[in-house]
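>>> fold the following and give me the result.
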Amino acid sequence: MATKAFEPYVHHSRSLPDLTVRAAVAGVIMGAVFGSANAYLGLKVGLTISTSIPLAVISVALFKSVGRILRPTNILECNVSQTGGSAASSIASGLIFTIPALFMWGMSPSLLQVGTLAILGGVLGILFMIPLRPYLIVKEHDTLPYPEGTAAAQVLIAADAGGSRARSVFVGMGVGALYKTVLEFGHFWSSEIHVRIPLLEKGEVGLEPMPALLGVGYILGYRIGAIMVAGGLLSSLALIPIIAHFGQALGAPMFPETTHLISEMTPSQIWSRYVRYVGAGAVAFAGITTVLRSLPTMYRSLVDGLKGLTREGRSLAVVTARTQRDLSMSVVLVGSAVVLLVAALGPFVLGLGAPAPLRVFGSLMILGFAFMFVTVSSRIVGLVGVTSNPTSGMAIVTLLGTSLIFFLLGWTDDIGKATVLTIGTVVCVAASIAGDISQDLKCGYIIGATPARQQTIELVGAITAAFAVAASIFLLGKSLSFGSIDLPAPQATLMKTVIEGVLQANLPWGLVLVGAALSLVATLVGVPALPFAVGIYLPVASMMPVFLGGCLRSVTDWMAVRKGEDPANQTERGVLVGSGLIAGEGLMGVVVAGYAGIMGARPAGFRPEWLEGWDQLLAAVVFALVGFFLIRMIRREPSGA
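Purely as a prediction, here's the structure:
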């Protein structure tokens, strides 16, 4: 296999200081800061930031400054700092999807409960990723690019190595950052392009002209990009027009919508009110089949891990290459058992005053759903990145399944609602943190980090920062009103609606099952169901630039073959430039998020009046220029880059 020949940047025979006190402290502090900011921003303006790339850049800058005074730093130490911060900050993305709903119901969770839920979900997500790493990160290295992880690795390597490699990455970063700056602070062109399809009721296609997504598409390649955009086109050119066609004559809102007529809705509103449930069902089915297909490999990983507990296995572990050394399976088993015992026996953890049978049953639900969605989340972000990870879809499926069982058992009171939501909290945090740390493990694999050291700092970061993130949500819930104009908490409002819909028997199960059927069809015809389902769940505008990036890779490969060159060299250069585009836009995303948090809204912009009506055309032209830049950078770079 090709992965056997892969050589990391730092060879396994080299031993460099990595898990140092300064790296751990820096990672924990940065994680707490970014995590608290993520929590507030997600609740205030519906915006969260992926922190792997920003933390990689910050770690490089920080340790280079410190290295001038104290001991010089190295790339592995920067990676440990980045990994710890990323694990800590990703907790926020899981909490904001669920916890605010408790406040909306008039319930008052304690800070101890919210912090404990965060720790349980964070630890479980990290532990479940330990046996999955050899499969998803190592074995699938050539098929799962993990865009943010690859970009973070290239940033670290470029800073360490310099030369033409650094030029490719940092020129890409400059273009990505400049584009994001002009777009967000100037608003000279539109952030989305929409084209209506004639003769097709409410049919339209869209495009988010974002350089980062173009870079993601180049890294993924044509096939996966085409499958994902196919799912998006199915939603925009089939499902939405069908709903609009049969709903235009209705004189009353059609369930599950309660206020608007379908004839009055825009395509995006139809997607939000109806197609999103179809997408959730598609992701759920695809996720289940993904887990079932992965069971043999998971079983082998578990058996190999259990062998490590024997005397012979421990002796073998001593000679295992540093870059392939994970934490012991005993850590996974004991840690998972502790998480489940705390959830089942702790009277203050699940629900609000839930009886022991509910807590025990809830802990088993956590085990099943967390195991499934850690696997699903890690694989999805390997394809599309953390930003496009449908965590809300996985949270919806968890709440759907748990609520349905609670409904059948008659646990439909306020205690049942709170228990369902807190079960979903643990699973959602686990899925969220698994997606983030998968990127960091990919970054570590590329640069040659020690997985066991990364996993250790991930656990430290998640545990130490959990209460800082929980406190920010807790204080916001006490001082402001979730679901209001001041703090809308859109994701938590959706989760609240799902739980109430199931427990009150008014959820659109038909739409959910339609999505499952679409994933089944894709599976039967040999199409990878998960990227197809993600395409259905996410707007087609997000999938289109990924597809175009894959097309650009096909074009550059064709140009290389035509001139008798090796396409592999161009692919490497393209990954460097694409990683730079992702990193530059990600860094400016932090700046925009900080501005939005301080001002309470995103930048208003200062687009002149004469550009009105031309913003979409200008967006298309500028995006085309970015694509041209990507091709020229790939073709101009020397072959030895």
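
>>> distance of residue 577 relative to residue 171?
Noted for residue 577: a distance of 7 Å to residue 171, by C-beta to C-beta, to the nearest Å. In short, each C-beta sits where N, CA and C put it, glycine included.

>>> swap in residue 286?
37 Å.

>>> between the two, who's got more neighbours?
Neighbour count, other C-beta atoms under 10 Å: between residue 286 and residue 171, residue 286 has more, with 30 against 18.

>>> is it true that residue 350 touches residue 360?
No: applying C-beta atoms under 8 Å as the test, residue 350 and residue 360 come out as separate, 9.4 Å apart.

>>> looking at the two, which is more packed in?
residue 350 (31 against 15).

>>> tell me the helices and strands packed up against the host helix or strand of residue 545.
Using DSSP states H and E, residue 545 sits in helix 540-562. When contacts are defined as 3 or more C-beta pairs under 8 Å, 6 or more residues apart in numbering; DSSP states H and E, helix 540-562 packs onto strand 204-207, helix 211-220, helix 222-234, helix 567-599, helix 615-636.

>>> just the strands in this structure please.
Ranges of strands in the chain, per DSSP state E, are 193-196, 204-207.

>>> now mean neighbour count too, for the ones you listed, in a markdown table please.
Output for the strands of the chain, formatted as a markdown table (neighbours: other C-beta atoms under 10 Å):
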| stretch | mean neighbour count |
| --- | --- |
| strand 193-196 | 14 |
| strand 204-207 | 19 |
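
>>> need these in CSV with mean pLDDT and distance to residue 619, can you?
As requested, the strands of the chain are exported to CSV (pLDDT from 0 to 100; distance: least, C-beta to C-beta, whole Å):
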stretch, mean pLDDT, distance to residue 619
strand 193-196, 90, 6
strand 204-207, 90, 8
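
>>> which of these sits closest to residue 187?
strand 193-196 (14.4 Å; C-beta to C-beta).

>>> quick one: the nearest residue to residue 370 once chain neighbours are set aside from residue 124, how far?
Sequence neighbours aside, residue 430 is the residue nearest to residue 370 in space, at 4.4 Å (criterion: C-beta to C-beta, 6 or more residues apart in numbering). According to C-beta to C-beta, residue 430 and residue 124 sit 5 Å apart.

>>> common neighbours of the two, please.
Counting by C-beta atoms under 8 Å, 6 or more residues apart in numbering, the shared contacts of residue 430 and residue 124 are 370, 374.

>>> could you list the low-confidence segments of the stretch 501-641 of the chain?
Within the stretch 501-641 of the chain, the segments meeting pLDDT under 70 span 505, 572, 583, 586-587, 590, 593-594, 596-597, 600-602, 637-641.

>>> quick one on the thing from earlier: what is the neighbour count of the residue nearest to residue 370?
31.

>>> that one against residue 374, yeah?
Yes: counting by C-beta under 8 Å, residue 430 does reach residue 374; the two are 5.6 Å apart.

>>> which neighbours do these two share?
Any residue near both residue 430 and residue 374 by C-beta under 8 Å, 6+ apart counts here, and that gives 124, 125, 128.

>>> residue 121 versus the residue nearest to residue 370, what's the distance?
Residue 430 is 5 Å from residue 121, by C-beta to C-beta.

>>> can you list residues touching both of those two?
With C-beta under 8 Å, 6+ apart, residue 430 and residue 121 have common neighbours 94, 370.

>>> so for residue 519, which of the helices and strands packed on helix 540-562 sits nearest?
Closest approach to residue 519 among the helices and strands packed on helix 540-562 (C-beta to C-beta): helix 222-234, 9.5 Å.

>>> can you give me the angle the closest one makes with helix 211-220?
With axes from the mean of the first three to the mean of the last three C-alpha atoms, to 10 degrees defining the directions, helix 222-234 sits at 130 degrees from helix 211-220.

>>> which helices and strands sit right next to helix 222-234?
helix 356-384, helix 529-537, helix 540-562.

>>> can you say which of those is nearest to residue 53?
That would be helix 356-384 among those, by C-beta to C-beta, at 13.3 Å.

>>> ok, how many other residues are close to residue 620?
Residue 620: 16 neighbours (other C-beta under 10 Å).

>>> just checking, which helix or strand of the chain averages the lowest pLDDT?
Least confident helix or strand of the chain, by mean pLDDT, DSSP states H and E, is helix 311-319 with a mean of 51.

>>> quick one: low-confidence parts of the stretch 301-450 of the chain?
For the stretch 301-450 of the chain, the ranges with pLDDT under 70 are 301-320, 384-390, 392-393.

>>> which parts of it are helices?
311-319, 329-345, 356-384, 391-409, 414-447 (DSSP state H, counting those that start in this stretch).

>>> and among those helices, the most buried is which?
Stretch with highest mean neighbour count among those: helix 414-447 (a mean of 29; mean count of other C-beta atoms under 10 Å).

>>> out of the strands of the chain, which gets nearest to residue 75?
Closest of those to residue 75 is strand 204-207, at 36.7 Å (criterion: C-beta to C-beta).

>>> run through the residues that contact the residue nearest to residue 370.
Per C-beta under 8 Å, 6+ apart, neighbours of residue 430: 94, 121, 122, 124, 125, 128, 370, 373, 374.

>>> redo the helices and strands packed on helix 540-562 as TSV? Include distance to residue 338.
Output for the helices and strands packed on helix 540-562, formatted as TSV (distance: least, C-beta to C-beta, whole Å):
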stretch	distance to residue 338
strand 204-207	46
helix 211-220	37
helix 222-234	38
helix 567-599	35
helix 615-636	48
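
>>> point out the most buried one among the ones you listed.
Stretch with highest mean neighbour count among those: helix 211-220 (a mean of 30; mean count of other C-beta under 10 Å).

>>> what sits up against that helix?
Under C-beta under 8 Å, 6+ apart, the answer for helix 211-220 is 145, 147, 150-151, 172, 175-176, 179-180, 225, 383-385, 387, 542, 545-553, 574-575, 577-582, 584-586, 623, 626-627, 630.
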